[in-house]
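Asks: Next input, structure requested:
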Amino acid sequence: MKKIRIAVIGVGNCASSLIQGLSYYSNGSAGEAIGLMHWKIGGYRPCDIQVVAAFDIDERKVGRDVADAIFSPPNCAKVFCSEVPKTGVRVRMGQVLDGFSDHMREYPDARTFLPSRRKQPQHEDVVGVLRESKAEILLNYLPVGSQEATEFYAGCALEAGLAFINNIPVFIASDPDWSRSFEEKGLPLMGDDIKSQLGATITHRMLTDLFNKRGVKLERTYQLNTGGNTDFLNMLNRDRLASKKISKTEAVQAVTERRLEDDNIHIGPSDFVPWQKDNKICFIRMEGRIFGNVPIDLEMRLSVEDSPNSAGVAIDSIRCCKLALERRQGGVLYGPAAYFCKHPPRQYTDDEAYRMTEAFIDGAWDGKVTKLPLRRSMRRRQVSFRR
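Replies: The predicted structure is shown next:
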């Protein structure tokens, strides 16, 4: 089996969990693959994914082998595979642009980024590295709010001929101009904003869908999240949160029976708690009405290691992009994007997105959507399947 060659932007906690996972699942079988949605996709196992290029801006990571950089400060992701073999790939200096928020300079070195003073690469430099490495897929793990930097790397992926997976809440796949550009180039595009394996968003969506299916009128809801990694520290700058709040809020609004008024739904990061490190704690409250217009409320607390929670989803996203490359299918992968991401171009319930994704993996779905999805309360969405 050939390798899937990936390049990574941002060697932070999420990249650490992903790369640890490639080693963790290198030995074993499907029966031992705890925590994976799929052991194989298109014949590819997790260990068939190979990192061939990486970019970061932190002086403690730039120049180091990727296998060492993933354990360098300020990374604090849980170490579940300490023996990651050397990759032979050194982390290169990345382009900063808006990828670093100035307020992070005010915190101790162990908690924040230390931007390297090395020369930043130009567009042609990054394109050259991607081509030389023979990477096939570029993964974006930049901090929330990195609009300019994300667009810079998306442009590099287009010119270098790579598929692009946008794991952060900056809108690329859900932007018509960007999605059209990747489709015209025949390059797969996945995004936006990775939806963790069992995180706040997927749990909130499933509960909202349950309310709807069981005839419970949802009147108001909130989701509050705290954490102690660099992601939460970065988001203390509220100016960087616009797309994040849209992404998380719309993920839940998409499965409500009727859209809630803005005052009745609040979803987003709440605060940075240093001692939590990579542990994320989510509080969800939902208020509604059941039979006889009788009130009901639900409160839930979820505690999870944030970065490993996204890594398995990323592994599946990578392998779906590889299948699309082999099938010469460019543009947004609508089913997988809806299943793996919070803010895909077209929202579906998770049940529908799951079926579309499985059909895509099996080769039974041509990737086309015959019309825009309608509200769940109206009628079934129309999806084109090959018989």
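Asks: alpha carbons only for contacts and neighbour counts from here, please
Replies: Fine.
Asks: ok, now which ones touch residue 161?
Replies: 136, 185, 187 (Cα atoms under 8 Å, 6 or more residues apart in numbering).
Asks: so what's the first one up against?
Replies: With contact set as Cα under 8 Å, 6+ apart, residue 136 has these partners: 4-7, 161-163, 322.
Asks: Show me which pair in these is furthest apart.
Replies: Spanning the widest gap among the contacts of residue 136 are 4 and 161, at 14.6 Å by Cα to Cα.
Asks: show me where pLDDT drops low in the protein?
Replies: Applying pLDDT under 70 to the chain picks out residues 1, 29-31, 366-387.
Asks: Try it again at 50.
Replies: 370-387 (pLDDT under 50).
Asks: where do the strands sit along it?
Replies: 4-9, 49-56, 92-93, 137-140, 163-166, 188-190, 217-227, 265-272, 279-290, 294-305, 331-332, 365-369, 383-385 (DSSP state E).
Asks: Need the residues that contact the lengthiest helix in the chain.
Replies: Using DSSP state H to define each element, the chain has its longest helix at helix 308-326. Residues from elsewhere that reach helix 308-326 (Cα under 8 Å, 6+ apart): 4, 14-15, 17-18, 21, 35-38, 41-42, 44, 46, 77-78, 136-137, 163, 165, 187-190, 194-199, 330, 336, 340, 361.
Asks: quick one: buried residues of it?
Replies: 308-325 (16 or more other Cα atoms under 10 Å).
Asks: which residue of the protein sits farthest from its center?
Replies: residue 292 (41.0 Å; Cα atoms, centre = their mean).
Asks: Looking at the contacts of residue 136, which one is closest to residue 345?
Replies: residue 163 (16.6 Å).
Asks: what bridges to the closest one?
Replies: Assessed by DSSP bridges, residue 163 has beta-bridge partners residue 137.
Asks: Look up how far residue 173 lies from it.
Replies: Distance, residue 163 to residue 173, using Cα to Cα, to the nearest Å: 11 Å.
Asks: that older thread, might you report the residue contacts of the residue farthest from the centre of the chain?
Replies: Per Cα under 8 Å, 6+ apart, neighbours of residue 292: none.
Asks: circling back to that earlier point, list the residues that contact both of residue 163 and residue 173?
Replies: residue 189.
Asks: wait, isn't residue 224 in contact with residue 267?
Replies: Yes - the pair residue 224 and residue 267 passes the contact test of Cα atoms under 8 Å, sitting 6.4 Å apart.
Asks: So which of these two has more stuff around it?
Replies: Neighbours per residue (other Cα atoms under 10 Å) separate residue 224 from residue 267, with residue 267 holding more: 23 against 17.
Asks: pretty sure the more buried one contacts residue 249?
Replies: Yes - using Cα under 8 Å, residue 267 is in contact with residue 249, at 5.6 Å.
Asks: that older thread, nearest to residue 50, of the contacts of residue 136?
Replies: For the contacts of residue 136, the nearest to residue 50 is residue 5 (5.0 Å; Cα to Cα).
Asks: what bridges to the closest one?
Replies: With DSSP bridges as the rule, residue 5 is bridged to residue 50.
Asks: mind listing what it touches?
Replies: 49-52, 134-137 are the contacts of residue 5 under Cα under 8 Å, 6+ apart.
Asks: related to what we said a few turns ago, nearest to residue 100 among the contacts of residue 136?
Replies: Closest to residue 100, out of all of the contacts of residue 136 and judged by Cα to Cα, is residue 7, at 20.3 Å.
Asks: give me every residue that touches the closest one.
Replies: 51-54, 130, 135-139.
Asks: how far away is it from residue 214?
Replies: 44 Å.
Asks: how about the contacts of residue 5, which pair is most distant?
Replies: Across those (Cα to Cα), the longest gap, 13.2 Å, separates 49 and 134.
Asks: State whether residue 104 and residue 112 are indeed in contact, as I suppose.
Replies: Yes - in terms of Cα under 8 Å, residue 104 counts as a neighbour of residue 112; the distance is 5.9 Å.
Asks: so what's in contact with the two at the same time?
Replies: Between them, residue 104 and residue 112 share the contacting residues residue 233, judged by Cα under 8 Å, 6+ apart.
Asks: These two: which is more packed in?
Replies: Neighbour count, other Cα under 10 Å: between residue 104 and residue 112, residue 112 has more, with 22 against 19.
Asks: Residue 194 and residue 168 touch, don't they?
Replies: Yes - between residue 194 and residue 168 a contact is recorded at 6.4 Å, counting by Cα under 8 Å.
Asks: For the stretch 1-150 of the chain, which segments count as helices?
Replies: 13-24, 66-69, 123-133, 147-160 (DSSP state H, counting those that start in this stretch).
Asks: can you put these in CSV and add distance to residue 349?
Replies: Shown next, in CSV, are those (distance: least, Cα to Cα, whole Å):
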stretch, distance to residue 349
helix 13-24, 25
helix 66-69, 37
helix 123-133, 36
helix 147-160, 27
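Asks: Residue 209: which of the ones you listed is closest?
Replies: Short answer: helix 13-24, nearest of the helices of the stretch 1-150 of the chain by Cα to Cα, at 28.1 Å.
Asks: so how far is that closest one from its chain's centroid?
Replies: Chain-centre distance of helix 13-24: 14 Å, with Cα atoms, centre = their mean, to the nearest Å.
Asks: Need the contact partners of that helix.
Replies: Contacts of helix 13-24 (Cα under 8 Å, 6+ apart): 8, 46-49, 67, 70-71, 75-85, 141, 278, 307-308, 310-312, 314-315.
Asks: Of those, which count as buried by neighbour count?
Replies: Here, 16+ other Cα under 10 Å leaves 8, 46-49, 67, 70-71, 75-78, 84, 141, 278, 307-308, 310-312, 314-315 buried among those.
Asks: what's the nearest residue to residue 3 if we skip its chain neighbours?
Replies: residue 48 (4.9 Å; Cα to Cα, 6 or more residues apart in numbering).
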